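>>> only geometry, no sequence info:
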């Protein structure tokens with residue numbers, strides 16, 4: 001069998017029990033409920049009373065309440081979807097997919113001449129990856145990521161199948177995840193091809209919600225430093241307001257920084273794993289293998305952004321951009337690939353044929 005069965009008490013075939021897996025999302029929900037309660041009861045509702053610390057126009061308070069609840073709703077929606085959405089597993093449903101990934105047919109689909117050239121590029125750490133002929137060659141390969149410096153196809157011994165490009169085995173979920181970025185305990189799920197955009201929107205809406213709370217609670221925080229006339233009010237209202245304000249201030253900075261970090265990865269067509277374990281690896285051969293594979297799926301900042309976020313009208317919605325996440329397409333044509341010149345020659349008619357075939361994989 002290519003997948004291990006669940007053990008008793010596991011929420012998935014991995015290392016965490018049900019209680020361990022859902023502990024962090026449960027803590028997040030407790031924090032959201034606590035912040036919402038303090039923000040609503042000690043900040044928004046008192047403003048509706050003439051005896052409150054601040055009496056804005058009714059239009060102002062209604063706008064604040066509407067914006068806050070829209071941001072909160074999007075935060076909760078993205079949080080829920082990030083938890084329940086499939087992060088992307090190696091597809092093994094159809095017979096074609098089983099032949100490809102389970103039985104290793106991918107290695108048979110590549111002619112020996114091209115396979116040999118692929119291995120020579122991987123072994124040659126001095127290879128000029130900016131040459132147009134090499135870019136066309138790598139972009140047309142069904143699978144470019146290989147194991148170590150010998151150029152063998154990557155195979156997961158735990159799941160017992162071959163790995164598509166950018167796929168990694170999660171030791172917590174005990175499954176191979178397509179375009180795996182990392183395992184996030186706060187959503188009790190892996191962040192992969194299927195839910196990466198949802199995860200990014202979760203960070204964005206969480207940061208915006210915290211920033212909105214900080215901005216709209218500022219008057220209430222200033223009011224908390226008034227001369228203390230009622231100790232009970234200070235302990236039950238002012239102290240919670242100060243705590244929530246400081247928590248949201250800290251989270252807004254942390255989440256914004258984390259979101260910008262991931263946006264930089266998106267524009268660079270990288271994942272956290274690729275950045276930490278490949279691009280910045282101490283082994284030069286590991287770095288070289290990353291650069292070789294990166295040629296295939298790095299299409300420039302704008303196309304990299306669209307690859308994750310999709311059409312403009314879906315940018316702010318947790319709607320998947322499409323694709324299966326394997327970065328595999330049957331676009332490889334041995335005849336056309338053999339016609340690509342070994343040296344870069346912009347005027348070559350063979351190169352024009354290759355361009356007309358659009359051998360690169362989106």
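Looks like it came in fine. The shown structure was predicted, so the numbers you read here are calculated from the model rather than taken from an experiment.

>>> Where does the prediction get shaky in the stretch 1-150 of the chain?
Residues of the stretch 1-150 of the chain meeting the criterion pLDDT under 70: 1-18, 50-55, 149-150.

>>> those strands in it, which residues are they?
Secondary structure of the stretch 1-150 of the chain (DSSP state E, counting those that start in this stretch): strands located at 146-147.

>>> Quick check, residue 190 in contact with residue 179.
No: taking contacts as CB atoms under 8 Å, residue 190 lies outside contact range of residue 179: 10.2 Å. Just so you know, the C-beta spots here come from the backbone N, C-alpha and C atoms, and that holds for glycine as well.

>>> Compare neighbour counts for those two and give me the winner.
Neighbours were counted for residue 190 and for residue 179 using other CB atoms under 10 Å; residue 190 has more, 29 against 25.

>>> Surely that one forms part of a helix?
No: counting by DSSP: H, G, I helix; E, B strand; the rest coil, residue 190 falls outside a helix, being strand.

>>> which residues sit in contact with the spatially closest residue to it that is not a sequence neighbour?
Distances taken as CB to CB, 6 or more residues apart in numbering put residue 87 closest to residue 190, at 4.2 Å, once the chain neighbours are dropped. Residue 87 sits next to 177, 178, 180, 189, 190, 191, 192, 193, 194, 195 when contact means CB atoms under 8 Å, 6 or more residues apart in numbering.

>>> okay, these in JSON lines with pLDDT next?
Shown next, in JSON lines, are the contacts of residue 87 (pLDDT from 0 to 100):
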{"residue": "177", "pLDDT": "96"}
{"residue": "178", "pLDDT": "96"}
{"residue": "180", "pLDDT": "95"}
{"residue": "189", "pLDDT": "94"}
{"residue": "190", "pLDDT": "95"}
{"residue": "191", "pLDDT": "97"}
{"residue": "192", "pLDDT": "96"}
{"residue": "193", "pLDDT": "96"}
{"residue": "194", "pLDDT": "95"}
{"residue": "195", "pLDDT": "96"}
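
>>> can you list those residues in CSV and add distance to residue 205?
Below are the contacts of residue 87 laid out as CSV (distance: CB to CB, whole Å):
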residue, distance to residue 205
177, 23
178, 24
180, 23
189, 17
190, 20
191, 16
192, 20
193, 21
194, 19
195, 15
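
>>> Show me which of those is closest to residue 112.
Nearest to residue 112 among the contacts of residue 87 is residue 178, at 28.0 Å by CB to CB.

>>> now that closest one: how far from residue 101?
11 Å (CB to CB, to the nearest Å).

>>> Equivalent analysis for residue 87, please.
Counting by CB to CB, the separation of residue 87 from residue 101 is 17 Å.

>>> Need the buried ones from the contacts of residue 87 selected in ChimeraX.
Remark: buried members of the contacts of residue 87, expressed as a ChimeraX selection using 16 or more other CB atoms under 10 Å:
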select :177,178,180,189,190,191,192,193,194,195
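
>>> Show me the helices in this protein, by range?
18-39, 58-84, 95-97, 112-123, 132-140, 196-216, 218-224, 231-233, 239-267, 272-273, 284-297, 301-309, 334-339, 349-357 (DSSP state H).

>>> Residue 191 is in contact with residue 181, correct?
Yes: counting by CB under 8 Å, residue 191 is a contact partner of residue 181 at 4.4 Å.

>>> any residues in contact with both of these two?
With CB under 8 Å, 6+ apart as the test, residue 181 and residue 191 both reach residue 199.

>>> For residue 105, see how far away residue 95 is.
11 Å.

>>> Between the two, which is the more surrounded one?
In this view residue 95 and residue 105 are compared by other CB under 10 Å, and residue 105 has more residues nearby, 14 against 10.

>>> how close does the more buried one sit to residue 268?
Distance, residue 105 to residue 268, using CB to CB: 32 Å.

>>> repeat for residue 42
Applying CB to CB to residue 42 and residue 268 gives a distance of 43 Å.

>>> and the spatially closest residue to residue 247 that is not a sequence neighbour, what does it touch?
In this structure, residue 247 finds its nearest non-sequential neighbour in residue 35, 7.0 Å apart by CB to CB, 6+ apart. By CB under 8 Å, 6+ apart, the contact set of residue 35 is 213, 244, 247, 248.

>>> Much appreciated, bye for now.
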